[in-house]
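Novice: Sequence unavailable; structure follows:
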């Protein structure tokens with residue numbers, strides 16, 4: 001295990017100072033050997049995403065007033081100091097620094113499983129996206145063009161505009177207990193054929209799909225998400241680096257046009273929740 005944190009709904013016995021419409025982030029811990037890899041920031045972003053999904057208005061947390069390292073992390077992650085709440089004392093009688101971050105409205109993207117009437121559009125989107133990158137191996141082209149088989153044998157996910165329903169991106173994940181390729185080891189989830197519609201690039205579609213894959217892996221109790229990326233898809237490489245994916249050189253054995261297919265993986269950091277924490281209910 002590389003890192004953990006606890007989430008507690010405001011107004012429950014596990015929350016110390018969160019209001020009923022807030023989610024309290026507690027007990028962040030990252031293993032010494034895993035520090036400086038962005039795991040703390042990933043846990044914070046996951047907390048914000050879960051707060052948004054559960055209807056909370058803010059994520060709050062505290063730390064020692066002298067813990068400058070933690071405070072710098074919170075500032076970089078968009079948290080601001082809440083001095084009006086700093087009346088509690090920590091160990092040794094020192095005052096605690098309290099931070100909060102408002103949960104911004106959900107972005108205009110929805111990630112869901114594909115519908116049969118979308119198969120043809122998913123095929124066109126994938127073929128156009130990979131062709132635009134100049135990175136479409138012949139054997140992959142056949143899979144991309146057969147959305148019906150992917151949906152039947154695996155899980156074919158799409159990202160759509162939450163208002164218009166426009167198809168913006170797609171990816172393939174294995175069904176629970178299965179794998180898609182020999183790249184995958186025990187405890188891993190393989191992500192395949194991630195593609196963003198060319199006109200939709202820059203809207204965070206690839207990020208939303210990749211984060212959803214990490215969420216799926218976490219719900220299944222898996223420890224890592226892995227994928228291949230073509231040697232020419234530099235935009236995909238940048239996206240993966242931003243999300244914490246790292247090269248897996250020992251698995252880079254497949255040669256394609258333009259070089260060797262990259263293997264990348266990101267560890268899934270578990271988030272522990274208060275035993276009785278419950279989502280906020282809105283009416």
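Specialist: Here it is on my side, so go on. It should be emphasised that the depicted structure is a prediction, and the values quoted were computed from it without experimental measurement.
Novice: and stretch 151-163, which residues are buried?
Specialist: Using 16 or more other Cβ atoms under 10 Å as the test for burial, stretch 151-163 gives 151, 154, 155, 156, 157, 158, 159, 160. The C-beta positions use only the backbone N, C-alpha and C, and glycine is treated the same way.
Novice: actually stretch 207-220, not the one I typed
Specialist: 207, 208, 209, 210, 211, 212, 213, 214, 215, 216, 217, 218.
Novice: and if you look at stretch 174-191?
Specialist: For stretch 174-191, a neighbour-count test (16+ other Cβ under 10 Å) marks 174, 179, 180, 183, 184, 188, 189, 190, 191 as buried.
Novice: contacting residues around the third one?
Specialist: Contact partners of residue 180, counting by Cβ atoms under 8 Å, 6 or more residues apart in numbering, are 154, 172, 173, 174, 190, 192.
Novice: The fifth one too?
Specialist: When the contact criterion is Cβ under 8 Å, 6+ apart, the partners of residue 184 are 174, 190, 226.
Novice: Isn't the first one up against residue 189?
Specialist: Yes. The pair residue 174 and residue 189 passes the contact test of Cβ atoms under 8 Å, sitting 6.9 Å apart.
Novice: Where does pLDDT dip in the stretch 101-250 of the chain?
Specialist: Within the stretch 101-250 of the chain, the stretches with pLDDT under 70 are 105-107, 135-139.
Novice: So for the helix or strand that contains residue 110, what gets flagged as buried?
Specialist: Residue 110 belongs to strand 109-113 when assigned by DSSP states H and E. Buried residues in strand 109-113, counted by 16+ other Cβ under 10 Å: 109, 111.
Novice: neighbouring strands for that strand, and are they parallel or not?
Specialist: strand 155-161 (antiparallel) (DSSP bridges).
Novice: Not counting its own residues, what contacts the strand it pairs with?
Specialist: Counting by Cβ under 8 Å, 6+ apart, 108-114, 118, 122, 147, 150, 166-175, 196, 205, 208-209, 212 sit against strand 155-161.
Novice: where's the closest residue to residue 194 other than its chain neighbours, which helix or strand?
Specialist: Of all residues not flanking residue 194 in the chain, residue 171 sits nearest, at 4.3 Å (Cβ to Cβ, 6 or more residues apart in numbering). Using DSSP H and E, residue 171 maps to strand 167-173.
Novice: packing partners for that strand?
Specialist: Counting contacts by 3 or more Cβ pairs under 8 Å, 6 or more residues apart in numbering; DSSP states H and E, strand 167-173 packs against helix 119-132, strand 155-161, strand 188-196, helix 205-219.
Novice: relative orientation of it and helix 119-132 in degrees?
Specialist: Taking axes from the mean of the first three to the mean of the last three Cα atoms, to 10 degrees, strand 167-173 and helix 119-132 form an angle of 90 degrees between their directions.
Novice: Next secondary structure element downstream of the strand or helix carrying residue 75?
Specialist: Per DSSP H and E: residue 75 is located in helix 68-76. Per DSSP H and E, the first helix or strand lying C-terminal to helix 68-76 is strand 80-81.
Novice: what comes up buried for whatever helix or strand comes next after that following strand?
Specialist: The helix or strand immediately downstream of strand 80-81 is strand 96-102, counting by DSSP H and E. Buried residues in strand 96-102, counted by 16+ other Cβ under 10 Å: 96, 97, 98, 99, 100, 101.
Novice: Pull the most distant pair out of these.
Specialist: 96 and 101 (16.8 Å; Cβ to Cβ).
Novice: Could you verify that residue 25 is part of a strand?
Specialist: Yes. Remark: residue 25 belongs to a strand, assigned using DSSP: H, G, I helix; E, B strand; the rest coil.
Novice: Start and end of stretch 25-40, how far apart?
Specialist: Taking Cα to Cα, to the nearest Å, the first and last residues of stretch 25-40 lie 12 Å apart.
Novice: ok, and for that stretch, which residues are buried?
Specialist: Buried residues in stretch 25-40 (16+ other Cβ under 10 Å): 25, 26, 28, 30, 37, 38, 39, 40.
Novice: related to what we said a few turns ago, identify the neighbouring strands of the strand holding residue 171 in the sheet and state each direction.
Specialist: strand 155-161 (antiparallel), strand 188-196 (antiparallel).
Novice: Those strands: which one's closest to residue 126?
Specialist: Nearest to residue 126, of these and by Cβ to Cβ, is strand 188-196 at 4.5 Å.
Novice: Give the other helices and strands that the helix holding residue 75 contacts.
Specialist: Using 3+ Cβ pairs under 8 Å, 6+ apart, helix 68-76 sits against helix 39-54, strand 58-64, strand 96-102.
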